[in-house]
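J.: okay, predicted coordinates and the sequence, questions at the end:
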Amino acid sequence: MQSFKTYFHIFLLLASFSISYAQNNNSYIPEEITENQLNKLDEDLNLDDFQKFELHEFILEKTIKLKNAMDKGIDDGELRFLMENHNREIDFKLKEVLSTEQYNKYLQLKRDRAINQNHKKKKKKKSSK
């Protein structure tokens, strides 16, 4: 059960990044989001040119699907479901494209970010009481 919670928190972190980016900029530009995600992955994992190429088109395609769904005005539950699938598909693609060491590092970074995000939320709740 703990593993599910960890992955769910990781999903929420990635999903909140995408949604907050779109809300803060009053737009959801798939190309920009794709570039930001690739730049972050490259910064964290030192991607080679082949990996960047493989991931760029895949992430862009998935991000465009999310934008189209958002433009149609789907409800939050459906959007969360699509985002969860989006993130799961990206994880599968990363596992396919990255080396074992890179993928393990990616998973560890996701866990660390989810934990840090969870701690920030707890602190924020305590300080608002």
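T.: All right, it came through fine. As the structure is a computational prediction, the values presented were derived from the model and not from experiment.
J.: ranges for the helices of the chain?
T.: Secondary structure of the chain by DSSP state H: the helices cover 2-24, 30-45, 49-71, 76-97, 100-128.
J.: okay, the ones you listed in a markdown table with mean neighbour count next?
T.: All C-beta spots, glycine's among them, are computed from the backbone N, C-alpha and C. Output for those, formatted as a markdown table (neighbours: other CB atoms under 10 Å):
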| stretch | mean neighbour count |
| --- | --- |
| helix 2-24 | 15 |
| helix 30-45 | 16 |
| helix 49-71 | 16 |
| helix 76-97 | 15 |
| helix 100-128 | 13 |
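J.: those: lowest mean pLDDT?
T.: Confidence, taken as mean pLDDT, is least for helix 2-24 of the helices of the chain (a mean of 55).
J.: so how far is residue 109 from residue 116?
T.: Spatial separation of residue 116 from residue 109 under the definition CB to CB, to the nearest Å is 10 Å.
J.: surely residue 67 meets residue 30?
T.: Yes: at 5.2 Å, residue 67 counts as touching residue 30 under the criterion of CB atoms under 8 Å.
J.: picking that back up, which residues do residue 116 and residue 109 both contact?
T.: Overlap of the contact sets of residue 116 and residue 109 (by CB atoms under 8 Å, 6 or more residues apart in numbering) is empty.
J.: so residue 59 makes contact with residue 36?
T.: No: proximity of residue 59 to residue 36 does not meet the contact threshold set by CB under 8 Å, at 10.0 Å.
J.: which residues are in contact with the nearest residue to residue 41 once chain neighbours are set aside?
T.: On the basis of CB to CB, 6 or more residues apart in numbering, the spatially nearest residue to residue 41 that is not a chain neighbour turns out to be residue 47, at 6.0 Å. Contacts for residue 47 (CB under 8 Å, 6+ apart) come out as 38, 41, 55, 98, 102.
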